[in-house]
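K.L.:
how would this look folded up:
(chains A, B, C and D)
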There are 2 protein chains.
Amino acid sequence: MSQARQRVSMRTVAERAGVSIATVSYVLSARREVAPSTRRRVERAIDELGYVPNQVARSMRTQRTDTVALIVPSILNPFYPAVARGLQDVLEPQGSYGIVVCTDGDPGTERRMIEQMVARRVDGIGLSSYLHRGRPFEAAVEAGIPVVLLGSHAPEPGVDAVGPDDVGGGRRAVQYLLERDRRRIGFITGPQGEGPAASRVSGYLAALRDAAVPAADDLVVRADFSREGGREGMRRLLDLAAPPDAVICTNDVVAIGALDVLRELSVRVPQDVAVVGFDDIEAATLVSPALTTIANPARQIGQAVARILLQRMAEDEPQPPQAIAFGTHLIQRESA
Amino acid sequence: MSQARQRVSMRTVAERAGVSIATVSYVLSARREVAPSTRRRVERAIDELGYVPNQVARSMRTQRTDTVALIVPSILNPFYPAVARGLQDVLEPQGSYGIVVCTDGDPGTERRMIEQMVARRVDGIGLSSYLHRGRPFEAAVEAGIPVVLLGSHAPEPGVDAVGPDDVGGGRRAVQYLLERDRRRIGFITGPQGEGPAASRVSGYLAALRDAAVPAADDLVVRADFSREGGREGMRRLLDLAAPPDAVICTNDVVAIGALDVLRELSVRVPQDVAVVGFDDIEAATLVSPALTTIANPARQIGQAVARILLQRMAEDEPQPPQAIAFGTHLIQRESA
DNA sequence: CACTCTGACGTAAACGTTTAGATCGTACAC
DNA sequence: GTGTACGATCTAAACGTTTACGTCAGAGTG
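P.N.:
Take a look at the predicted model:
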């Protein structure tokens, strides 16, 4: 083993084994034959010195960092850790690792994070952005770093997208509620008019239109992507002159907030107001009443992101962007 | 701005501005005076070329990566994302970032991950290990990388520790239950006999001893750190000849599993069996009955980990290890 | 015996920074 | 007018790898 006080590099190993530093490199990478006897000497030197290859130097030479960044609004929303897990599922066997950062949904932070990741020369970026219209990832694209957007986006120059079928999911939630004779269906969406949340809203609007049910503007309220946001959104909906008899929430965390205020005010769920969430995080099974929700395959999404990134990194000629949408389905529980 | 097709480095910028590479570096780092006029020329060149400093090269030269690794069993347990968030809270203002990896609680994976992070020359490692007795972090210590253990560990050569007061927490849970006249108190702990879970058990045992309540061996069962583990552990406890009238779980995720089977079997909580968890994750407020639990300040722990790491990185002489324990308190809800 | 071929290994340049030290003009003091 | 000092900039080494290319001894061939 080792006592390794001083920095030990290939050079140290080479000296000890009485070979050149190139030879050490070759026994490590096996990109060239080396005689069994020298190989053994080098391996012994490595053991004795406790040598660990320096990935930084390697990255510098090979121009790859074997690192991808996952940039998300909040790691505290259980959806994103699940995505991160999916990323690791496919990255780690390849010797790549993920660096995870939160933006708190702040545009400035988001831009700074992207810039930082470009500086770090990550091999790829998975990005869940509220404001992809502003193309905050432009810096990455220019640097030739593949970017995959999380969420159902249309294919866009330079970036791929993978997410659930948000439009279909929004649509499905509405159909389900209409079948159960709800007619005033509210929607609590995100703070901005962009991103996955927007697609879910447009699915919602489309389904209403198809069913010829009038959609009232005030039935769609904006709120933060948080439990507190859900509470506030729900309160606003209940304050309406004609409150809804069903509410679709842009994600489960928000839906849980909505349930909070319904419980406080002793509004019966689903009898008085039905609630449908989105994502199917574990907590959806824990609340009472258990949350009916649109399943969003987080882990698979993470895996798909990683696969696309890997594929992009491997290609020499830029290929046209692609968008993958995972089919969603409704999981019926108690809240609707 | 930029069209930046070809790799643009300091060299490119220097040529464009008609200065040497060193000067570019100095305007970037401000470690030496440079005349305002040249500074402006350089800045213009940077803008026009869309130059982004290469962190990899910088790390190579400075021997710091501004990166710390957080190695945890599972990022799907909400406790760990909260720790990660705490890390980011203090790291990011310093320009450092966290790379998060899961070990799935597998010793081999854990060792591999640590080795990888050493190869990547991270500046520090936060490690939540099931088996720190085997000193899996030895490789990191030898490489001179500061390591902070998550959980309440005694100070140990070469590594610091920060965590909740696990012993005190276990003790508190028992006291609370004894006060409510529970006498057969079970404990669902983790798979191995080590780590934070073990300290919680020893607090439990100590409190029983203090109260002169006999502790039956079969009341402590081992299970996975997962919801399913909790289910299995609870089933085993209920199968006992004399089942417990209260159960303490090593964390909330496990407790939620325990509640699952109690609900299935229509065992009344807390009347027939009281349940106490550990961590106070958000889901504890969602289950029904809401979980009484020992609060574990995840985010503060993450922040403390980062602070210690930063401090260690700054010192030139190795200082003696330290262990920080955060006081815990019991949060009373419905399950006990 | 001169030649080529081949297997095994060494040499050295490059990747993009940082930074200690050298250089160079100019202003100032005498 | 010479010397000095100083501010502004440059030179070049170093960080630890990878890899194209060169070298060299010995085996094989005619």
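
K.L.:
And for residue A:94, the neighbour number?
P.N.:
If you count neighbours by other CB atoms under 10 Å in any protein chain shown, residue A:94 ends up with 11. C-betas here are computed from N, CA, C, even on glycine.

K.L.:
Please disregard the earlier target; I meant residue A:278.
P.N.:
Using other CB under 10 Å, residue A:278 has 30 other residues around it.

K.L.:
Could you verify that it is part of a strand?
P.N.:
Yes - per DSSP: H, G, I helix; E, B strand; the rest coil, residue A:278 lies within a strand segment.

K.L.:
where do the strands sit along chain A?
P.N.:
A:67-72, A:97-102, A:124-127, A:147-150, A:159-164, A:185-189, A:220-222, A:246-249, A:274-279, A:292-295, A:323-326, A:330-331 (DSSP state E).

K.L.:
Need the contact partners of the third one.
P.N.:
When contacts are taken as CB atoms under 8 Å, 6 or more residues apart in numbering or on different chains, the neighbours of strand A:124-127 outside the stretch itself are A:68-71, A:83, A:87, A:114, A:117, A:136-137, A:140, A:145-150, A:302, A:305-306, A:309-310, A:312-313.

K.L.:
Neighbouring strands - and their directions - for that strand?
P.N.:
Using DSSP bridges, strand A:124-127 pairs in its sheet with strand A:67-72 (parallel), strand A:147-150 (parallel).

K.L.:
Quick check: mean pLDDT of the longest one?
P.N.:
In other words, strand A:67-72. The average pLDDT within strand A:67-72 is 96.

K.L.:
roughly how far out does it sit from the chain middle?
P.N.:
Offset of strand A:67-72 from its chain centre (CA atoms, centre = their mean, to the nearest Å): 9 Å.

K.L.:
what's the weakest-modelled helix or strand in chain A?
P.N.:
When the helices and strands of chain A are scored by mean pLDDT, DSSP states H and E, helix A:195-210 comes last with a mean of 89.

K.L.:
Output the contacting helices and strands for it.
P.N.:
helix A:166-179, strand A:185-189 (3 or more CB pairs under 8 Å, 6 or more residues apart in numbering or on different chains; DSSP states H and E).

K.L.:
Now the residue of the stretch 201-336 of chain A found nearest DNA strand C: closest residue in space that isn't a chain neighbour?
P.N.:
Taking CB to the nearest atom of the strand, DNA strand C has its nearest neighbour within the stretch 201-336 of chain A at residue A:313, 16.9 Å off. Leaving aside its chain neighbours, residue A:313 sits nearest to residue A:123 (5.4 Å; criterion: CB to CB, 6 or more residues apart in numbering or on different chains).

K.L.:
mind checking which of the helices and strands packed on helix A:195-210 is nearest DNA strand C?
P.N.:
The closest of those to DNA strand C is helix A:166-179. By CB to the nearest atom of the strand, the value is 39.0 Å.

K.L.:
Can I get the closest one in PDB, CA atoms only?
P.N.:
C-alpha atoms of helix A:166-179 as PDB (Å, rounded to 0.1, in the frame of the first residue of the first chain):
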ATOM      1  CA  ASP A 166     -47.100  17.500 -20.800                       C
ATOM      2  CA  VAL A 167     -49.900  18.400 -23.200                       C
ATOM      3  CA  GLY A 168     -51.300  14.900 -23.100                       C
ATOM      4  CA  GLY A 169     -51.000  14.800 -19.400                       C
ATOM      5  CA  GLY A 170     -52.900  18.000 -18.900                       C
ATOM      6  CA  ARG A 171     -55.500  16.800 -21.400                       C
ATOM      7  CA  ARG A 172     -55.900  13.500 -19.700                       C
ATOM      8  CA  ALA A 173     -56.500  15.100 -16.300                       C
ATOM      9  CA  VAL A 174     -59.300  17.200 -17.700                       C
ATOM     10  CA  GLN A 175     -60.900  14.300 -19.500                       C
ATOM     11  CA  TYR A 176     -60.900  12.300 -16.300                       C
ATOM     12  CA  LEU A 177     -62.600  15.100 -14.400                       C
ATOM     13  CA  LEU A 178     -65.100  15.800 -17.100                       C
ATOM     14  CA  GLU A 179     -66.100  12.200 -17.100                       C
END
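
K.L.:
angle of that helix against strand A:185-189?
P.N.:
Between the axes of helix A:166-179 and strand A:185-189, defined by axes from the mean of the first three to the mean of the last three CA atoms, to 10 degrees, the angle is 150 degrees.

K.L.:
For residue A:148, give its distance to DNA strand D.
P.N.:
Applying CB to the nearest atom of the strand, to the nearest Å, the value for residue A:148 to DNA strand D is 26 Å.

K.L.:
thought that residue was touching residue A:162?
P.N.:
Yes - with contact defined as CB atoms under 8 Å, residue A:148 reaches residue A:162; the gap is 6.0 Å.

K.L.:
so what's residue A:148 bridging to?
P.N.:
residue A:126, residue A:160.

K.L.:
need the contact list for it.
P.N.:
Residue A:148 sits next to A:124-127, A:159-162, A:305, A:308-309 when contact means CB under 8 Å, 6+ apart.

K.L.:
Same check on residue A:73?
P.N.:
Going by CB under 8 Å, 6+ apart, residue A:73 touches A:80, A:102-105, A:128, A:130, A:225.

K.L.:
Now tabulate those in a markdown table and tack on pLDDT, neighbour count and distance to residue A:174.
P.N.:
Shown next, in a markdown table, are the contacts of residue A:73 (pLDDT from 0 to 100; neighbours: other CB atoms under 10 Å in any protein chain shown; distance: CB to CB, whole Å):
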| residue | pLDDT | neighbour count | distance to residue A:174 |
| --- | --- | --- | --- |
| A:80 | 95 | 23 | 26 |
| A:102 | 92 | 24 | 31 |
| A:103 | 92 | 22 | 30 |
| A:104 | 87 | 13 | 31 |
| A:105 | 83 | 20 | 26 |
| A:128 | 92 | 26 | 24 |
| A:130 | 72 | 24 | 23 |
| A:225 | 90 | 24 | 21 |
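
K.L.:
want to try a markdown table for those, with distance to residue B:186 as columns?
P.N.:
Listed next are the contacts of residue A:73 as a markdown table, based on distance: CB to CB, whole Å:
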| residue | distance to residue B:186 |
| --- | --- |
| A:80 | 35 |
| A:102 | 38 |
| A:103 | 43 |
| A:104 | 41 |
| A:105 | 42 |
| A:128 | 42 |
| A:130 | 46 |
| A:225 | 39 |
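
K.L.:
Farthest pair within the residues you listed?
P.N.:
Using CB to CB, the contacts of residue A:73 span at most 13.5 Å, a distance reached by A:80 and A:130.

K.L.:
circling back to that earlier point, burial check on the residue of the stretch 201-336 of chain A closest to DNA strand C, number of neighbours?
P.N.:
16.

K.L.:
these two touch, right, it and residue A:144?
P.N.:
No - taking contacts as CB under 8 Å, residue A:313 lies outside contact range of residue A:144: 10.1 Å.

K.L.:
Look up how far residue A:197 lies from the residue nearest to residue A:290 when sequence neighbours are not counted.
P.N.:
Spatial nearest neighbour of residue A:290, excluding adjacent residues (CB to CB, 6+ apart): residue A:333 at 3.8 Å. Remark: distance between residue A:333 and residue A:197 (CB to CB, to the nearest Å) = 22 Å.

K.L.:
Could you do residue A:259 as well?
P.N.:
Taking CB to CB, one finds residue A:259 at 19 Å from residue A:197.

K.L.:
and the closest residue to residue A:307 other than its chain neighbours, what does it touch?
P.N.:
Nearest non-adjacent residue to residue A:307, counting by CB to CB, 6+ apart: residue A:90, 5.8 Å away. Residue A:90 sits next to A:303, A:306-307, A:310 when contact means CB under 8 Å, 6+ apart.
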